[in-house]
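Colleague: Take a look and give me a structure for this.
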Amino acid sequence: FGHAVALQDSVLVVGTPQDASTGNDRGQAFWCELAGTACNGFTELFNPFSTAQDLYGQSVAIGDDTLVVGARYNPTTGSYSGGAVHTYHYDGSSVQYSEMLEINTAVGSEQFGDSLALRDDVLVVGAPTARTPSGGGVTFPVSGAAFVFHRDGTGNWMQRQRLSTGFGYDGDESGFSIALDGNHVAVGSPGYGGDTGGVQLYSIGSEIKLTSPGSSNSESFGMALDINGTTLAVGGLFLNAPCTDPFGCGAVYLYERSGRQWLLDTQLTYIHAGAAQDSDFGSSLALDSDTLLVGAPYDDTISAADSGAAYVFIRMAGTWDTAPQQKLESSTPVTDDRFGEAVALEGDVAVIGAPNEVDGFSNPLAGAAYVFERVAGNWGAPPGMSGSRIVGPDTDGGDRFGSSVAVSADTIIVGAPHAIVNLTGGG
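Modeller: Here you go, the predicted structure:
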C-alpha cells in the first residue's frame with residue numbers, strides 16, 4: 001500500500017500492486033476525498049479485468065476529472081501479458097470505471113502501464129519492455145517505448161503516437177521514466193548503450209534525443225526526470241575521473257529549451273554538492289521554477305555513513321548556482337536510513353522520504369518523512385511544527401513509510417508500501 005500515489009486538490013489515489021487479497025499479485029488501487037488532513041475512508045477502484053499477477057496499481061495519475069491506474073502485466077486482447085491502463089471518471093463525489101487502454105500489437109510482456117503522466121487531455125504511458133519492429137540489429141529488440149493518448153470530444157482515449165525513442169536497441173528500457181509539461185514529453189531510457197542511458201524529448205512537430213554528455217559507459221542517464229516550463233532535469237551516474245566507485249557517481253544535468261532545441265545548461269555532480277562518491281546523488285529529483293531538490297539516499301553525514309541527504313540548488317538571474325543552497329538531512333541520522341530516496345517540492349516546501357528509518361520502538365524499516373520550509377533563504381521545520389520529522393499514525397517495522405512522497409498546496413502524501421492498514425476505517 002503506497003507504492004504509487006497521486007494527489008490533485010482533495011482527491012488522493014493510492015496504488016498497491018502486490019496486494020494479494022483478491023489473488024496472487026492482482027494488485028489494488030484506492031481513492032479518497034481529503035477532509036482537512038484525513039481521508040473520509042478509502043474506496044477501492046473497480047477493475048473488471050482483474051487477473052492474477054496484473055500488478056494493478058503499479059502507477060497512478062490524476063488529471064482534472066480523470067483517474068488513471070497502470071497494471072503492467074494485465075493480459076491484453078491477445079495471448080500476452082502486455083499490460084494495460086485503466087481510466088476512471090470522477091464526477092465530484094464518485095468514481096466510475098471508463099475504459100481499458102492497451103497495446104493492440106503487443107508481442108510479449110511489454111510492461112505497458114509501468115509509468116504514467118497525465119495532463120489535461122493528454123496521457124503518456126511507459127512500456128519499458130515494448131518490442132520495436134526493427135532497429136539496433138536485433139529482430140524485435142526489447143527497447144521499450146512510450147505511447148501518447150488524446151481524449152476526444154466524446155471522452156474516449158485514442159492512441160495518437162508511439163514514441164519509440166529512436167534508440168531502438170535491446171535493453172534500452174525506454175519509457176522507464178516519463179515527464180510531461182504542456183506540449184513537451186521527456187522519456188527516459190536508462191538502459192541505452194549498456195546502461196549509459198539516454199533521454200528523448202518530444203514536442204509538437206519535433207523529436208530530440210539526449211544522451212549523456214559524459215564519456216562513461218555506465219551512467220543510467222535518465223534514471224530520474226523532472227520537467228518544469230523550459231527546464232529539464234535528468235539524473236544519472238558517471239564513471240569518469242575523479243569518480244572511483246565501480247557503480248558510478250551521481251550527477252544531474254539541467255537543460256533549457258530554446259525554440260525546438262534542448263541545450264545543456266548546467267551539470268551538477270556529487271562534487272558540487274560535497275556528497276560522497278557512492279551517495280546515489282541524482283537518483284531522485286524534484287524541480288519547481290528556480291529550485292531543484294536532489295536526493296542522495298546513500299550520502300554520509302557527520303555522525304552516520306550512508307544515512308542519506310538531499311541538496312537544494314537555486315537559479316538566480318537565469319544561472320544555476322553549482323553550490324547547494326543547503327544540505328538537508330535527518331536530525332538523528334542513522335546508517336542506511338535512505339533519507340532522500342524520495343523527494344517532492346512545491347514552492348518553498350520540500351518533503352523528503354527516509355523509508356529505512358528505525359522508529360521510536362526500534363522497529364527496523366518503519367520509515368519516516370521530513371518536511372522543510374524555506375523562510376528567508378533558510379530551510380528548516382515549518383513554522384508551528386516542533387520538528388521536520390513525521391511518521392505514520394500506526395507505523396510498524398517494515399512499513400517503509402516515506403518510500404514515495406507528494407506535496408500539493410497545504411497537503412502532503414506519504415506512501416508506506418508494506419504497511420497493513422484498515423481501509424474501511426479511513427486509515
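
Colleague: residues near residue 375, how many?
Modeller: Residue 375 has 12 neighbours, counted by other C-beta atoms under 10 Å. Glycine gets a C-beta too; all of them are placed from N, C-alpha and C.

Colleague: scratch that, residue 314 is what I was asking about
Modeller: Taking other C-beta under 10 Å as the criterion, the count of residues near residue 314 is 17.

Colleague: Would you enumerate the residues in contact with it?
Modeller: 290-292, 320-321, 325 (C-beta atoms under 8 Å, 6 or more residues apart in numbering).

Colleague: The same query, at a cut-off of 7 Å, please.
Modeller: For residue 314, the set of contacting residues under the criterion of C-beta atoms under 7 Å, 6 or more residues apart in numbering consists of 290-291, 321, 325.

Colleague: pLDDT, secondary structure and neighbour count for these - can I get that in TSV?
Modeller: Formatted as TSV, the entries for the contacts of residue 314 read as follows, by pLDDT from 0 to 100; DSSP: H, G, I helix; E, B strand; the rest coil; neighbours: other C-beta atoms under 10 Å:
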residue	pLDDT	secondary structure	neighbour count
290	97	coil	15
291	98	strand	19
321	96	coil	13
325	96	coil	17
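
Colleague: So which helix or strand of the chain has the lowest pLDDT on average?
Modeller: Taking mean pLDDT, DSSP states H and E as the measure, the helix or strand of the chain with the lowest value is strand 38-39, at a mean of 72.

Colleague: which element follows it toward the C-terminus?
Modeller: Per DSSP states H and E, strand 38-39 leads on to strand 43-44 as the next helix or strand towards the C-terminus.

Colleague: Contacts for the helix or strand following that following strand, please.
Modeller: Where DSSP H and E defines the elements, the next helix or strand beyond strand 43-44 is strand 56-63. Contact with strand 56-63 is made by 3-8, 11, 13, 15-17, 26-29, 47, 50, 68-72, 74, 113-120, as judged by C-beta under 7 Å, 6+ apart.

Colleague: Show me how to select, in PyMOL, the buried members of those.
Modeller: Buried members of the contacts of strand 56-63, defined by 16 or more other C-beta atoms under 10 Å, are picked up in PyMOL with:
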select buried, resi 3+4+5+6+7+8+11+13+15+16+17+26+27+28+29+47+50+68+69+70+71+72+74+113+114+115+116+117+118
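
Colleague: Just the ones in helices from the contacts of strand 56-63, please.
Modeller: Of the positions in the contacts of strand 56-63, not one sits in helices, assigned by DSSP state H.

Colleague: Can you point out the buried residues in stretch 143-156?
Modeller: Neighbour-count burial for stretch 143-156 [16+ other C-beta under 10 Å]: 143-149, 151.

Colleague: what does stretch 389-399 give?
Modeller: Of the residues in stretch 389-399, those buried by neighbour count under the rule 16+ other C-beta under 10 Å are 389, 391-392, 395-396, 398-399.

Colleague: from those residues, which two are the most distant?
Modeller: Within the buried residues of stretch 389-399, 389 and 398 form the most distant pair, 18.8 Å apart (C-beta to C-beta).

Colleague: State the pLDDT value of the nearest residue to residue 124 once chain neighbours are set aside.
Modeller: When the adjacent residues along the chain are set aside, residue 124 lies closest to residue 117, with 4.5 Å between them (C-beta to C-beta, 6 or more residues apart in numbering). According to the predicted model, the pLDDT of residue 117 comes to 91.

Colleague: which residues touch residue 117?
Modeller: When the contact criterion is C-beta under 7 Å, 6+ apart, the partners of residue 117 are 61, 124, 178-180.

Colleague: Widest-spaced pair of those?
Modeller: Based on C-beta to C-beta, the longest span within these runs between 61 and 179 and measures 12.2 Å.

Colleague: Need phi/psi at residue 194.
Modeller: Main-chain torsions, residue 194, degrees, to the nearest 10: phi 70, psi 40.

Colleague: I should have written residue 161 there, sorry.
Modeller: According to degrees, to the nearest 10, the main-chain angles of residue 161 amount to phi -160, psi 140.

Colleague: which regions of the stretch 151-300 of the chain sit below the pLDDT cut-off?
Modeller: Across the stretch 151-300 of the chain, the ranges flagged by pLDDT under 70 are 164-168, 204-206, 214-218, 239, 241.

Colleague: if we go to 80?
Modeller: Flagging of the stretch 151-300 of the chain using pLDDT under 80 yields the residue ranges 164-170, 182, 193-196, 203-209, 211-219, 237-242, 246-248, 260.

Colleague: quick one: the strands in it?
Modeller: Assigned strands in the stretch 151-300 of the chain, in chain order: 157-163, 177-181, 184-189, 198-203, 206-211, 224-228, 231-238, 249-258, 261-269, 284-288, 291-296 (criterion: DSSP state E, counting those that start in this stretch).

Colleague: can you tell me which of those comes nearest to residue 405?
Modeller: For the strands of the stretch 151-300 of the chain, distance to residue 405 was read as C-beta to C-beta. The smallest value, 9.1 Å, belongs to strand 284-288.

Colleague: Hmm, residue 253 is touching residue 210, no?
Modeller: No: proximity of residue 253 to residue 210 does not meet the contact threshold set by C-beta atoms under 7 Å, at 8.1 Å.

Colleague: which of these two has more neighbours?
Modeller: A side-by-side neighbour count of residue 253 and residue 210, using other C-beta under 10 Å, places residue 253 first with 25 against 22.
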